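**Q** coords below, sequence missing:
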């Protein structure tokens with residue numbers, strides 16, 4: 001929206017002493033804004049070439065101050081003289097004005113009704129609506145309004161941000177909120193449009209509003225109901241228009257836009273309705289309004305007297321333009337201020353402690369409780385979520401920072417869809433602590449924590465996160481896992497670096513699928529078996545001793561010559577008659593639990609058949625496109641499906657079919673038969 005007016009008023013400050021070495025004794029300058037930067041740029045244009053200093057120094061000398069920051073304060077004081085006093089907004093005094101921002105007074109509490117004579121009572125559009133609309137038209141759009149930093153709610157905005165959180169709607173028929181007529185039936189405790197989640201409020205931050213010096217409120221899950229938060233922020237330069245028109249922005253956001261236009265009122269219990277962001281509840285986000293003011297200003301300087309006449313001003317109230325094209329968002333706008341040098345990284349971090357981001361309430365609440373010496377009930381007796389995970393809950397309580405799989409592969413960030421698209425996101429699992437790329441178990445995977453990996457060829461793997469209460473005890477008297485393995489457990493405790501077999505074959509990397517595809521499957525089957533690099537291991541503990549797959553395609557696998565703890569003999573030193581020939585050993589002797597992997601056909605054509613269901617890209621788990629494993633999983637879950645076909649280009653549809661018919665060798669397709677092992681694909 002755009003508001004335009006032409007006014008002229010004089011604002012000035014007298015400088016009592018002027019340094020003798022200013023280059024200009026008098027000047028008149030026209031600028032496009034009443035701020036330090038505009039004045040500095042225009043003054044620089046008129047400084048004579050003979051002047052030995054720049055415009056910044058000239059201003060400091062003229063105003064008899066020592067720093068640029070002092071000049072900015074002086075310019076701000078000049079440009080804000082004659083502002084409309086905030087007390088004139090309601091004309092009801094200090095106490096009333098404070099109560100408005102606590103969610104009190106008839107501004108917030110009255111509900112429209114019709115008396116016995118058919119006349120409206122408590123109608124917001126009439127009172128205070130009529131006066132507030134007039135102030136918006138006559139004052140807020142045409143001149144500056146004082147910012148009421150003398151009120152409790154705005155007396156210490158160190159982060160230079162204000163936020164309001166509304167929890168009720170008291171006005172019908174304005175296309176905002178769910179208040180409707182008749183008021184007595186459809187507007188009692190009506191809700192505003194929900195644009196945030198309230199996480200918690202520490203009442204110690206707002207003792208005047210909460211009427212207590214301590215205590216806190218937690219809003220877990222959907223406990224807080226619908227809420228609508230909206231705010232604004234301003235530059236660290238007091239002469240910047242975002243700082244000079246604070247009062248205008250406060251009036252617009254709180255009393256004009258949200259009260260008279262939308263009917264939004266009420267406050268989060270124990271919190272102010274509007275205040276410095278430090279005093280407000282911690283929430284996920286807030287909408288944002290910024291001031292765009294077009295000004296025509298005349299600065300004049302003579303005999304130590306600096307004057308500014310604002311000839312014309314055009315004030316617009318717009319949704320904030322935030323960093324990274326994230327608009328109408330207070331945190332993103334503050335990031336933009338930081339990028340422009342108008343706020344610091346430390347201040348941005350402070351704002352982010354109050355606006356924690358979508359789906360981050362659980363983390364914010366847990367961190368807050370920790371500062372209070374409190375925590376959620378532990379999932380097991382020896383629970384310590386930052387260092388281990390409880391076996392009783394499959395480690396879904398783990399909140400530590402392990403970020404590599406059991407095989408040492410770097411984890412993919414949970415908020416990324418590259419290289420692997422997935423549905424294990426904060427949106428779908430908001431309580432599971434899916435931060436950064438840390439190992440977690442959001443979906444209750446049987447063997448504990450896991451993650452998607454940054455390797456495009458490895459979708460996911462388990463992590464080797466300690467189990468709470470589990471103590472690694474020696475498996476035998478002479479145990480030394482780095483150098484030998486205990487015979488009592490068939491050397492499954494061995495964690496050394498031998499990587500050749502008894503016959504001298506080099507071991508294949510456990511995380512590799514070449515030449516033996518099955519090797520990698522052992523990592524997820526036995527995530528705590530120490531399957532690092534290509535070292536000899538006995539993952540299941542069922543083989544006679546450590547072994548490995550080999551890099552020689554002619555020899556699939558072979559045992560390794562790992563010393564037995566407490567013995568001096570090695571496998572090579574045993575008599576040939578005491579050794580079982582490798583050829584007589586079956587895979588089952590080494591392992592019985594490696595799961596079959598979801599598979600597809602090797603062809604690139606497709607079979608006709610009876611179409612049971614055709615799934616479009618929007619039906620896929622990520623709503624974008626189907627992975628072939630997802631299509632295979634859909635078939636495995638669908639009663640009657642016998643095979644599936646996925647078109648791999650164009651409109652990638654997943655077709656679930658039965659009664660396989662004619663084969664068409666057209667390429668550009670992926671196909672496979674129903675496979676129950678696909679049910680476990682993430």
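**A** Looks like it came in fine. Quantities reported herein were computed from a predicted structural model and do not represent experimental measurements. Numbering: from 1, shown residues only.
**Q** got the end-to-end distance for stretch 451-466?
**A** The straight-line separation of the ends of stretch 451-466 (C-alpha to C-alpha, to the nearest Å) is 15 Å.
**Q** ok, residues contacting it?
**A** Residues external to stretch 451-466 that are found in contact with it (C-beta atoms under 8 Å, 6 or more residues apart in numbering): 387-389, 395, 398, 400, 402-407, 409-412, 414, 419-420, 422, 424, 437-440, 445, 447-450, 511, 513, 520, 523-524, 527-528, 629, 682. All C-beta spots, glycine's among them, are computed from the backbone N, C-alpha and C.
**Q** ditto for stretch 661-668
**A** Outside stretch 661-668, the residues that touch it by C-beta under 8 Å, 6+ apart are 603, 604, 605, 606, 607, 608, 609, 647, 648, 649.
**Q** end to end, how far does that stretch reach?
**A** 18 Å.
**Q** looking at it now, give me its mean pLDDT.
**A** Averaged across stretch 661-668, the pLDDT comes to 87.
**Q** and that stretch, how far out from the chain's middle?
**A** Between the centre of stretch 661-668 and the centre of its host chain there is 46 Å, according to C-alpha atoms, centre = their mean, to the nearest Å.
**Q** ditto for stretch 609-620
**A** Distance, stretch centre to chain centre, for stretch 609-620: 34 Å (C-alpha atoms, centre = their mean).
**Q** please point out which parts of that stretch sit buried.
**A** Taking 16 or more other C-beta atoms under 10 Å as the basis for neighbour counts, the residues of stretch 609-620 that come out buried are 609, 612, 615, 620.
**Q** I'd assumed residue 635 was in contact with the third one.
**A** No - no contact is recorded between residue 615 and residue 635 when judged using C-beta atoms under 8 Å, the distance being 10.0 Å.
**Q** where does the closest residue to residue 362 other than its chain neighbours land on pLDDT?
**A** In space, and not counting its chain neighbours, residue 362 is closest to residue 431: 5.0 Å by C-beta to C-beta, 6 or more residues apart in numbering. pLDDT, the model's per-residue confidence, is 88 for residue 431.
**Q** next one: residue 431 from residue 365, what distance?
**A** Noted for residue 431: a distance of 10 Å to residue 365, by C-beta to C-beta, to the nearest Å.
**Q** name the residues of stretch 195-205 that are buried.
**A** Neighbour-count burial for stretch 195-205 flags 195, 196, 197, 198, 199, 200, 201, 202, 203, 205 (criterion: 16+ other C-beta under 10 Å).
**Q** likewise stretch 323-339?
**A** Taking 16+ other C-beta under 10 Å as the basis for neighbour counts, the residues of stretch 323-339 that come out buried are 323, 327-338.
**Q** what's the farthest-apart pair in those?
**A** Based on C-beta to C-beta, the longest span within the buried residues of stretch 323-339 runs between 328 and 338 and measures 17.9 Å.
**Q** circling back to that earlier point, export the buried residues of stretch 609-620 to CSV and tack on distance to residue 82?
**A** Output for the buried residues of stretch 609-620, formatted as CSV (distance: C-beta to C-beta, whole Å):
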residue, distance to residue 82
609, 82
612, 76
615, 67
620, 62
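**Q** from the residues you listed, which single one is nearest residue 654?
**A** Proximity of the buried residues of stretch 609-620 to residue 654 (C-beta to C-beta) peaks at residue 615, which lies at 4.2 Å.
**Q** and what about the closest residue to residue 165 other than its chain neighbours, helix, strand or coil?
**A** Leaving aside its sequence neighbours, residue 165 sits nearest to residue 229 (C-beta to C-beta, 6+ apart; 4.4 Å). In terms of secondary structure, residue 229 is strand; the call rests on DSSP: H, G, I helix; E, B strand; the rest coil.
**Q** OK, contacts around residue 229?
**A** With contact set as C-beta under 8 Å, 6+ apart, residue 229 has these partners: 163, 164, 165, 166, 195, 196, 198, 283, 285, 286, 287.
**Q** nearest to residue 117 among these?
**A** Distances from the contacts of residue 229 to residue 117 were compared by C-beta to C-beta; the smallest belongs to residue 166, at 32.2 Å.
**Q** so in terms of bridging, what pairs with that closest one?
**A** Per DSSP bridges, residues listed as beta-bridge partners of residue 166: residue 228.
**Q** I'd say it and residue 271 touch.
**A** No - if you go by C-beta under 8 Å, residue 166 and residue 271 don't touch, sitting 11.4 Å apart.
**Q** next, the buried residues of stretch 93-104.
**A** Neighbour-count burial for stretch 93-104 flags 97, 98, 99, 100, 101, 102, 103, 104 (criterion: 16+ other C-beta under 10 Å).
**Q** restricted to helices, list these.
**A** Residues from the buried residues of stretch 93-104 lying in helices, with DSSP state H as the criterion: 97, 98, 99, 100.
**Q** tell me the pLDDT at the second one?
**A** Looking at residue 98, its pLDDT reads 95.
**Q** what sits in contact with each of residue 615 and residue 635?
**A** When contacts are counted by C-beta under 8 Å, 6+ apart, the set common to residue 615 and residue 635 consists of residue 656.
**Q** residue 650: neighbouring residues, count only.
**A** When neighbours are defined as other C-beta atoms under 10 Å, residue 650 has 7 of them.
**Q** and for the one 4 residues further on?
**A** Neighbourhood size, residue 654 [other C-beta under 10 Å]: 26.
**Q** and if you look at residue 50?
**A** By the other C-beta under 10 Å criterion, the neighbourhood of residue 50 contains 6 residues.
**Q** and the residue lying closest to it once chain neighbours are set aside, how close does it get to residue 512?
**A** Nearest non-adjacent residue to residue 50, counting by C-beta to C-beta, 6+ apart: residue 23, 7.5 Å away. In this structure, residue 23 and residue 512 are separated by 75 Å, where distance is defined by C-beta to C-beta.
**Q** next one: residue 469
**A** Distance, residue 469 to residue 512, using C-beta to C-beta: 34 Å.
**Q** ok, now residue 197?
**A** Summarising the geometry, the distance separating residue 197 from residue 512, computed by C-beta to C-beta, is 45 Å.
**Q** the stretch 101-250 of the chain: helices as residue ranges?
**A** Taking DSSP state H, counting those that start in this stretch as the criterion, the stretch 101-250 of the chain contains helices spanning 105-109, 129-135, 183-186, 207-210, 241-244, 246-250.
**Q** the first one packs against which elements?
**A** What it means is helix 105-109. Contact partners of helix 105-109 among helices and strands, from 3 or more C-beta pairs under 8 Å, 6 or more residues apart in numbering; DSSP states H and E: helix 94-100, strand 264-265.
**Q** how about the fifth one?
**A** Other helices and strands packing on helix 241-244, by 3+ C-beta pairs under 8 Å, 6+ apart, are helix 68-79, strand 287-302.
**Q** need those in CSV with mean pLDDT and distance to residue 345, can you?
**A** What follows is the helices and strands packed on helix 241-244, written out as CSV (pLDDT from 0 to 100; distance: least, C-beta to C-beta, whole Å):
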stretch, mean pLDDT, distance to residue 345
helix 68-79, 93, 19
strand 287-302, 95, 19
